[in-house]
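Asks: have a look; sequence and predicted model below, questions after that.
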Amino acid sequence: MKISGFTLFSIAATFGSACAFAPSASSSQMSTTELSMSNSPSTRLQFLQTATAATAFAALTGAATPANAAKYGSFGAGSPEVLDPKSAIIDKDILESAAVQSSISALRVYLDAVKSMQSDLKANNQADVGPTLRSKFDFVKLRADLNTANTAFDEDTQRGTDRIGRLILQDITELETANKQKEGIPRSEKRLTIMTKKLEKLSKAFSDYLAFCA
């Protein structure tokens, strides 16, 4: 059977992509948050592009991920990766360290900012939350705060808090996109609904993450 040059090129490209994504042995002990956040792009657009590429690769290789792992609801119900905080194993010494406590305080500030945006949007469905997003949610600092807070948890707990952290970053990116409006054009009900739901998800995600730090 003859194989065209294009087919050979496609196979080579696929193989190259698989090698690029294959984890090295030395990285297997790293927290998934560190892998997905510390090396992730600094801009919202690059973050979404990276996430899209990873999703496409998983679909190509037929990665065995449970269907319900893509969901996140109440603890342990929507995602098997997220534990109940009561079941978490936490290193109290690390939790009480200055660095971790500083990051936890920052996470509370992020939650307050989300609630502030919810109030603004409730009072005015045309409110521009962009300035709050840009001033309060710097991706580099947010990733650093999530990574630092995560050091107090055991490996099983980190799998859940990692997932919450990734969803926080994604929802902030999507909220910023939904918030953008052309001047003089009112926000549609559909876009308002998207923003409202994103803010609800962010409020829950930050609250759930902080529940592990109590």
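Replies: Cool, the structure landed. Residues are numbered from 1 along each chain as shown.

Asks: please save the CA atoms from stretch 122-139 in CSV.
Replies: In CSV, the C-alpha atoms belonging to stretch 122-139 read as follows (Å, rounded to 0.1, in the frame of the first residue of the first chain):
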residue,chain,number,x,y,z
LYS,A,122,-26.8,43.6,39.7
ALA,A,123,-27.2,47.3,40.2
ASN,A,124,-26.4,48.0,36.5
ASN,A,125,-26.6,45.3,33.9
GLN,A,126,-24.4,47.5,31.6
ALA,A,127,-21.7,47.9,34.2
ASP,A,128,-18.1,47.5,32.9
VAL,A,129,-16.2,45.1,35.2
GLY,A,130,-13.1,45.3,33.0
PRO,A,131,-11.2,47.8,35.3
THR,A,132,-11.8,45.5,38.3
LEU,A,133,-10.6,42.5,36.4
ARG,A,134,-7.4,44.2,35.2
SER,A,135,-6.5,45.8,38.5
LYS,A,136,-7.5,43.0,40.9
PHE,A,137,-6.7,39.8,38.9
ASP,A,138,-3.1,39.8,37.7
PHE,A,139,-2.6,36.3,36.3
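
Asks: that stretch: which residues count as buried?
Replies: 127, 129, 132-133, 136-137, 139 (16 or more other CB atoms under 10 Å). (Glycine included, C-beta is placed from N, CA and C.)

Asks: do stretch 103-121 as well
Replies: Those would be 103-104, 106-107, 110-111, 113-114, 117-118, 121, for stretch 103-121 by 16+ other CB under 10 Å.

Asks: which one of these is nearest residue 214?
Replies: Distance to residue 214, by CB to CB, is smallest for residue 104 among the buried residues of stretch 103-121, at 9.4 Å.

Asks: you'd agree the closest one is up against residue 149?
Replies: Yes - counting by CB atoms under 8 Å, residue 104 touches residue 149, with 5.6 Å between them.

Asks: okay, and the common contacts of these two?
Replies: By CB atoms under 8 Å, 6 or more residues apart in numbering, residue 104 and residue 149 have these common neighbours: residue 213.
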